[in-house]
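Q: Quick check, what structure comes out for this input:
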Amino acid sequence: MLAHAGALLIPVLAEATSKNVALETLTALTTLYIASELIRLRGGNVPIITGFTLRMSRPSERPHFISRPVYLALGLILALILFPKDIAYASIAVVAVGDPVAGYVGGRIGRLHVGRKTLEGFAAGLTASAILASLVVAPLVAAVGSTAASLLELSGVFEDNIMMPVGAGVAMLLVSGTALHIV
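A: Have a look, this model is predicted:
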């Protein structure tokens, strides 16, 4: 959850500096994370990063390379590269809020299951992400992007941390009539 929330800092960094600085920073942090995981798997410890990774991971993940943060970073990088800034930022908001809210609500009160996911989590994640994304794009555009991302997450698609921001961005492009924008 905390890593997802941290993703909201990427648009802030991009606005404070530039999209390229945000991309370079995200790439450098991802590279550092990959190196820290390789060191951890060989019995080493990278101060702060290793402890944070272990606290944020599931016990079943710990014997292996913990890849979810890398997938999240790739989703954020793709959003920044592929989409105009408003849609990129809204796509990042969708994954940063929708995915953890869906997981939290689904795990706490979810009763109606669709595979391994719950409809309650789906509804909560969709609502939260649509509200946050609507701060960046028009409410209809935000709702369409959030719905697309939430449906991808509900479907159990391969690596939702990549697919949610990309799917949200594509849906928002289509509904807004905006052209694809590759940096």
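
Q: Please report phi then psi for Ser57.
A: Main-chain dihedrals, Ser57, degrees, to the nearest 10: phi -100, psi 160.

Q: Nearest residue to it in space, please, no chain neighbours.
A: Excluding its sequence neighbours, the residue lying closest to Ser57 (C-beta to C-beta, 6 or more residues apart in numbering) is Ile66, at 5.0 Å. For every residue, glycine as well, the C-beta is placed using N, CA and C.

Q: got a list of what that neighbour touches?
A: By C-beta atoms under 8 Å, 6 or more residues apart in numbering, the contact set of Ile66 is Glu37, Thr53, Ser57.

Q: just the buried members of those?
A: Buried residues within the contacts of Ile66, counting neighbours by 16 or more other C-beta atoms under 10 Å: Glu37, Thr53.

Q: Return the member of the contacts of Ile66 nearest to Ile109.
A: The nearest member of the contacts of Ile66 to Ile109, counting by C-beta to C-beta, is Ser57 at 24.0 Å.

Q: how about the most centrally placed residue in the chain, what does it touch?
A: Closest to where the C-alpha atoms of the chain average out (C-alpha atoms, centre = their mean) is Val95, at 3.5 Å. Residues in contact with Val95 (C-beta under 8 Å, 6+ apart) are His4, Ala7, Leu72, Gly75, Leu76, Ser129, Ala149, Asp160, Asn161, Met164, Pro165, Ala168.

Q: Columns distance to Ala16 on top of those residues, output as a markdown table?
A: Formatted as a markdown table, the contacts of Val95 follow (distance: C-beta to C-beta, whole Å):
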| residue | distance to Ala16 |
| --- | --- |
| His4 | 21 |
| Ala7 | 16 |
| Leu72 | 21 |
| Gly75 | 21 |
| Leu76 | 16 |
| Ser129 | 23 |
| Ala149 | 26 |
| Asp160 | 28 |
| Asn161 | 24 |
| Met164 | 25 |
| Pro165 | 20 |
| Ala168 | 23 |
